[in-house]
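In: fold the stuff below for me.
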Amino acid sequence: MIRTQVQLTEEQYHALKKMAAVKKISMAELIRLGVDQVLAGSNPGQKERIQRAIKAAGRFRSGVKDLSRNHDAYLTEAFAE
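Out: This next block holds a predicted model:
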C-alpha cells in the first residue's frame, strides 16, 4: 500500500470516525472503500449489484415457452400495464 495524506474538514473527520466505529473498521479502510466507489463510477454499490444480477441469471423460470422469441412483445405488454 502507498501512504498518502488528505485534509478533511472537522465535520468530515468526526463523521468518518463515528462511521468507522459503527462499522468496526479503521478510518483508513472506510476511506479506501469510498475511493473504490468513486473509481467504480458515480453509482455506489454498482459492482455488488452487477455481481448479484449475474448470480441471479438463469435461476428463475417464467413458464413461457416462447419468451426469447417474443421478448419485445412481452416487454411492451408489461410496460403497458
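In: roughly how far does residue 39 sit from residue 70?
Out: In this view, residue 39 and residue 70 are 40 Å apart by CB to CB, to the nearest Å. (Glycine included, C-beta is placed from N, CA and C.)
In: the two: which has the busier surroundings?
Out: Neighbour totals were compared for residue 39 and residue 70, and residue 70 leads with 13 against 7 (other CB atoms under 10 Å).
In: for the helix or strand hosting residue 76, C-alpha coordinates in CSV please.
Out: Following DSSP states H and E, one finds residue 76 within helix 71-80. Coordinates of each C-alpha in helix 71-80 appear next as CSV, following Å, rounded to 0.1, in the frame of the first residue of the first chain:
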residue,chain,number,x,y,z
HIS,A,71,-39.4,-10.9,-25.8
ASP,A,72,-40.3,-7.5,-27.2
ALA,A,73,-44.0,-8.2,-27.3
TYR,A,74,-44.0,-9.4,-23.7
LEU,A,75,-41.9,-6.4,-22.6
THR,A,76,-44.3,-4.0,-24.4
GLU,A,77,-47.2,-5.7,-22.7
ALA,A,78,-45.6,-5.4,-19.3
PHE,A,79,-44.8,-1.7,-19.6
ALA,A,80,-48.4,-1.1,-20.8
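In: residue ranges with poor pLDDT in the chain?
Out: 42-44 (pLDDT under 70).
In: middle-most residue in it, spatially?
Out: The residue lying closest to the centre of the chain (CA atoms, centre = their mean) is residue 45, at 1.3 Å.
In: do you know how far that one is from residue 64?
Out: 31 Å.
In: next one: residue 26
Out: The spacing between residue 26 and residue 64, counted by CB to CB, is 50 Å.
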